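Novice: Any chance you can model this:
(chains A, B, C and D)
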Number of protein chains: 2
Amino acid sequence: MTPKPDRTSDRTPDLAATRQRLLDAAGEVFAEVGYRAATIREICTRAEANVAAVNYHFRDKDGLYQEVVAYAHGCAMASHPPPGDLARMTPAEQLQGFVRSFLARLLDSGRPAWHGRLMARELVEPTAALDRIVRDSIRAQSEMLMGIVRAVAGVALPLATVRRAAMSVVGQCLFYEHARPVIGRLFPDLGFTRSEVEALADHISAFSLAGIASLVGVAALTRPAERKGKSVAATKRSPSHSKRRSRS
Amino acid sequence: MTPKPDRTSDRTPDLAATRQRLLDAAGEVFAEVGYRAATIREICTRAEANVAAVNYHFRDKDGLYQEVVAYAHGCAMASHPPPGDLARMTPAEQLQGFVRSFLARLLDSGRPAWHGRLMARELVEPTAALDRIVRDSIRAQSEMLMGIVRAVAGVALPLATVRRAAMSVVGQCLFYEHARPVIGRLFPDLGFTRSEVEALADHISAFSLAGIASLVGVAALTRPAERKGKSVAATKRSPSHSKRRSRS
DNA sequence: GTCGATTTCAAACTGCTGCTTCAAACACCT
DNA sequence: AGGTGTTTGAAGCAGCAGTTTGAAATCGAC
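Specialist: The predicted structure follows:
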């Protein structure tokens, strides 16, 4: 009744854990067609497993999905972690580092190539998994980015302005994943090779740097530009994701 | 067997066209839960119509969806059309006008309040409807925006740079619709009142104006900044949507 | 080898959903 | 009124998909 929680490979290496095969296959299918349209039968066919395997290893379809999301996000964060030693970098470098890792997590086609699409779907059509992601990861990254924006600005900005600037940055990044179907139709020649992704990151960094700088000018005109120490804070990080399942 | 294609209201006004009620209800449901998860029964319940009504008026679920998308997009474009007389405006005004109308179309909660979410879903999970939208509307808007970017820049920029700048602009706009679930969780106090939307449009315009200007500087450093007349072109517009149905 | 636990398998069950059917109701025209 | 074409209604059908079940197979340990 209670399957061992994590077992990566203890059988013969060629028959490596059906559980893992299910995770990979499920990630593919969920990313391709979405949660509702994905069928357990299709997933099990790709994983070369029996239909009952999903219910055995993950209780039900929802449990499988939760695990897939956690797994994909974990891989992506491990593969492209956000910059860690902000204190040692200039604000511009901090921004560039943030954008680079964020964009790479979205568009890097290595590892689970489907991570980006899965997250894009999760943002637009949230499930119970989104709450956990926001709590464990997104919130901290939001704080970090807003800290970077403040550092780039140098002077104190109204909270609403900082938020908008941060959203402008992530909005530019997310667009390339969200609107991928449209981009493919508008510019069929545009591919997302690794070098192209780096060029995009550079573009977004430069674009945003100038954008934030312009906000400082506006703020200076609007209010008497009260001074406040350099806010390069935002150190809180997520304590890794727990393995609890909540839904009945 | 062949229902009259369009009939807005010719019966008694209180029993106004079940067809229209179906369109409204379907828009709501499709926007809320997506195409797959939406059930004809739920739509008909909200529209106070019989299940068979959908098949009678729209042939099948897919036909209904196509009509809903066309209807919503038509309403939004009519309600917040993109700026028309670009030649009379400064580049900055052109950009501001574009962003204002684009953002209003996405976030305005009047009219079909569900238009934004419906489009957001359509972008991430494209159906046959997306091809028509790209052909009839998005492509022209893309051209228009790239023209505006060129006008703002003033000098000639590489095509790839213009594209990226344009995508930075629409990315910032789309974010507020796409990531609405996350935004709601991160900043629960943030609402999208009409004045808030205008403030957002101003922010995005200013931010992008500075961003584009910075690209000019980079381009000037990179290549000898060849000159080229003001390109405020991009006049092609969509010829309204046809009423054909294609899928068998 | 044998026992016990874990994992896999084929088949069936159950609920839901899109769609059809055919009859009744309605509106419009002569 | 009567006829005709259009719209609505209730019931049901066919298929799909998530889940269950009980037995077979596999594995580790003694």
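
Novice: Show me how far the helix or strand containing residue A:57 is from its chain's centre.
Specialist: Assessed by DSSP states H and E, residue A:57 sits inside helix A:51-58. Centroid displacement of helix A:51-58 relative to its chain, using CA atoms, centre = their mean, to the nearest Å, is 27 Å.

Novice: By residue count, which helix of chain A is the longest?
Specialist: helix A:194-222 (DSSP state H).

Novice: Quick one: list the elements packing against it.
Specialist: With contacts defined as 3 or more CB pairs under 8 Å, 6 or more residues apart in numbering or on different chains; DSSP states H and E, the packing partners of helix A:194-222 are helix A:91-107, helix A:139-153, helix A:159-178, helix B:159-178, helix B:194-222. To be clear about C-beta, it is placed using only N, CA and C from the backbone, and glycine gets the same treatment.

Novice: now the angle between helix A:159-178 and the shortest one, please.
Specialist: Per axes from the mean of the first three to the mean of the last three CA atoms, to 10 degrees, the angle that helix A:139-153 makes with helix A:159-178 is 120 degrees.

Novice: Counting by contacts, list what helix A:139-153 packs against.
Specialist: Packed against helix A:139-153, as judged by 3+ CB pairs under 8 Å, 6+ apart, are the following elements: helix A:91-107, helix A:159-178, helix A:194-222.

Novice: want to throw the ones you listed into a markdown table with mean neighbour count, distance to residue B:196 and mean pLDDT?
Specialist: Converted to a markdown table, the helices and strands packed on helix A:139-153 look like this (neighbours: other CB atoms under 10 Å in any protein chain shown; distance: least, CB to CB, whole Å; pLDDT from 0 to 100):
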| stretch | mean neighbour count | distance to residue B:196 | mean pLDDT |
| --- | --- | --- | --- |
| helix A:91-107 | 22 | 25 | 97 |
| helix A:159-178 | 24 | 9 | 97 |
| helix A:194-222 | 19 | 17 | 89 |
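
Novice: With distance to residue B:172 as extra columns, can I get those helices in TSV?
Specialist: What follows is the helices and strands packed on helix A:139-153, written out as TSV (distance: least, CB to CB, whole Å):
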stretch	distance to residue B:172
helix A:91-107	14
helix A:159-178	4
helix A:194-222	9
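
Novice: where does chain A dip in pLDDT?
Specialist: A:1-16, A:218-248 (pLDDT under 70).

Novice: let's see 80
Specialist: A:1-16, A:110-111, A:217-248 (pLDDT under 80).

Novice: Would you mind writing the CA trace of stretch A:184-202 as PDB?
Specialist: This file holds the C-alpha atoms of stretch A:184-202, laid out as PDB (Å, rounded to 0.1, in the frame of the first residue of the first chain):
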ATOM      1  CA  GLY A 184       6.500  30.100 -34.700                       C
ATOM      2  CA  ARG A 185       3.700  31.300 -37.000                       C
ATOM      3  CA  LEU A 186       5.000  34.800 -37.300                       C
ATOM      4  CA  PHE A 187       8.700  34.100 -37.600                       C
ATOM      5  CA  PRO A 188       9.100  30.500 -38.800                       C
ATOM      6  CA  ASP A 189      12.800  31.000 -39.100                       C
ATOM      7  CA  LEU A 190      13.300  31.900 -35.500                       C
ATOM      8  CA  GLY A 191      14.800  29.000 -33.500                       C
ATOM      9  CA  PHE A 192      15.800  28.800 -29.800                       C
ATOM     10  CA  THR A 193      19.300  27.600 -30.000                       C
ATOM     11  CA  ARG A 194      21.500  28.100 -27.000                       C
ATOM     12  CA  SER A 195      23.200  31.000 -28.600                       C
ATOM     13  CA  GLU A 196      19.900  32.600 -29.600                       C
ATOM     14  CA  VAL A 197      18.700  32.300 -26.000                       C
ATOM     15  CA  GLU A 198      21.800  34.000 -24.700                       C
ATOM     16  CA  ALA A 199      21.300  36.800 -27.300                       C
ATOM     17  CA  LEU A 200      17.700  37.100 -26.000                       C
ATOM     18  CA  ALA A 201      18.900  37.300 -22.400                       C
ATOM     19  CA  ASP A 202      21.300  40.100 -23.400                       C
END
